[in-house]
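Colleague: take a look and give me a structure for this.
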Amino acid sequence: MDMQMTFSVGGTLPVRRLGFGTGGLVGPGYWGPRHEDPERSVALLRRAVDAGVTLIDTADNYGPDVAEELVARALHPYPDGLVIATKGGVVRTGPDVWHLAGRPEQLHAMCDASLRRLRADTLDLYQLHRLDPDVPMADQLGTLVELQRAGKIRHIGLDSVSATELARARELAPIATVQNRYNVLDRASEDVLTLCERTGTAFLPWFPLGHGALAGSGADDALAAIAATHGATTGQIALAWLLHRSPVLLPTPGTGSPAHLDENLAAADISLTEAELSQLDGLAGAAPGGGA
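Modeller: So this is what the prediction gives:
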């Protein structure tokens, strides 16, 4: 297809825009492993990279620890050109339980732990999973800048921020990426996307498939009709729309299934017409919420 399918994260790390997220490799509530046999997840990660994925998105609290350890087990030593993005700033004590932890000493310890689990000397992209409202933003981002200057992280990202917060953050640190909830039915972060486009910041939309809602039988009728026209699934059309919607959007759908992985990656080959894009652009609603 003629649209640009690569993006340079932070201006230095070129990746294919359709990546792979590891949230689908852990259990319900982002707790424990999804599969009893870790080799199933190891094989899936290798399948993604063999299929051309160059951006893997993970987090220290997926499991916790489980997803990062799987990434290292499957892919280390990392091939040239493979970008591993991870996150810190949240502590877990149970399924669907999240505690913000943005104090400088916590972020230093979390970054060091991610480096160990991922068996890396430098983290390509380290994203603050949530801004901690109890810690000044300058302290949180200042810590990430310190880690960057120490060579522990290459680029800094933010997760779940408003446009106002992003603008403020950009005054404190070089922000390479934003990771907010965004999909064909959920445009609450449209103003953040606009700012990312203006500043050349990568936007990694989480829940690109609406936590599965856009890939099931309950998907929007217009989505289903366009999917039928292309002989595709509604999930593929939802991902294709993101790739068409903006050159800074880098969706990283996750799954624990080889068939769904292949299906998701095939979305990059779907060319939507102007009429179809206009129809999809007109959809609005609210996808289910949750963590990322």
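
Colleague: where do the helices sit along the stretch 151-292 of the chain?
Modeller: All helices of the stretch 151-292 of the chain, identified by DSSP state H, counting those that start in this stretch, fall at 163-172, 190-199, 221-230, 234-245, 258-265, 274-281.

Colleague: contacts for the last one?
Modeller: Spelled out, it's helix 274-281. Surrounding helix 274-281, the residues in contact under the criterion C-beta atoms under 8 Å, 6 or more residues apart in numbering are 184, 222-223, 226, 229, 237, 241, 244-245, 272. For glycine as for every other residue, the C-beta is placed from the backbone atoms N, C-alpha and C.

Colleague: by pLDDT, give me the weakest of those residues.
Modeller: Taking pLDDT as the measure, the contacts of helix 274-281 have their low point at A222 (90).

Colleague: surely that residue meets W241?
Modeller: No: proximity of A222 to W241 does not meet the contact threshold set by C-beta atoms under 8 Å, at 11.0 Å.

Colleague: coming back round to it: filter the contacts of helix 274-281 to the buried ones?
Modeller: Buried residues within the contacts of helix 274-281, defined by neighbour count using 16 or more other C-beta atoms under 10 Å: 184, 222-223, 226, 237, 241, 244-245, 272.

Colleague: now, among those residues, which is nearest to V192?
Modeller: Sorting the buried ones among the contacts of helix 274-281 by how near they are to V192, with C-beta to C-beta, puts R245 at the top with 13.3 Å.

Colleague: residue contacts, that closest one?
Modeller: Here R245 is in contact with 277, 281 (C-beta under 8 Å, 6+ apart).

Colleague: what helix or strand does R92 sit in?
Modeller: In this assignment (DSSP states H and E), R92 forms part of strand 90-94.

Colleague: before we move on, back to that, could the helices of the stretch 151-292 of the chain go into JSON lines alongside distance to A74?
Modeller: Written out in JSON lines, the entries for the helices of the stretch 151-292 of the chain read as follows (distance: least, C-beta to C-beta, whole Å):
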{"stretch": "helix 163-172", "distance to A74": "32"}
{"stretch": "helix 190-199", "distance to A74": "30"}
{"stretch": "helix 221-230", "distance to A74": "31"}
{"stretch": "helix 234-245", "distance to A74": "23"}
{"stretch": "helix 258-265", "distance to A74": "13"}
{"stretch": "helix 274-281", "distance to A74": "34"}
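
Colleague: pick the most deeply packed of those.
Modeller: With neighbours taken as mean count of other C-beta atoms under 10 Å, those reach their highest mean count in helix 234-245, at a mean of 25.

Colleague: distance from that helix to the middle of the chain?
Modeller: 15 Å (C-alpha atoms, centre = their mean, to the nearest Å).

Colleague: taking helix 190-199 as reference, get the angle to it.
Modeller: Relative orientation of helix 234-245 and helix 190-199, computed by axes from the mean of the first three to the mean of the last three C-alpha atoms, to 10 degrees: 50 degrees.

Colleague: return the alpha-carbon coordinates of helix 234-245 using PDB.
Modeller: Listed next in PDB are the C-alpha coordinates belonging to helix 234-245 (Å, rounded to 0.1, in the frame of the first residue of the first chain):
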ATOM      1  CA  THR A 234     -13.900  -6.200  11.800                       C
ATOM      2  CA  GLY A 235     -10.800  -6.200  13.900                       C
ATOM      3  CA  GLN A 236      -8.600  -6.000  10.800                       C
ATOM      4  CA  ILE A 237     -10.700  -3.000   9.500                       C
ATOM      5  CA  ALA A 238     -10.300  -1.300  12.900                       C
ATOM      6  CA  LEU A 239      -6.500  -1.700  12.800                       C
ATOM      7  CA  ALA A 240      -6.400  -0.600   9.100                       C
ATOM      8  CA  TRP A 241      -8.300   2.500  10.000                       C
ATOM      9  CA  LEU A 242      -5.700   3.400  12.700                       C
ATOM     10  CA  LEU A 243      -2.900   3.000  10.100                       C
ATOM     11  CA  HIS A 244      -4.800   5.200   7.700                       C
ATOM     12  CA  ARG A 245      -5.900   7.700  10.300                       C
END
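
Colleague: just the angle between that helix and helix 274-281, please?
Modeller: On the basis of the same axes, to 10 degrees, helix 234-245 is oriented at 100 degrees to helix 274-281.
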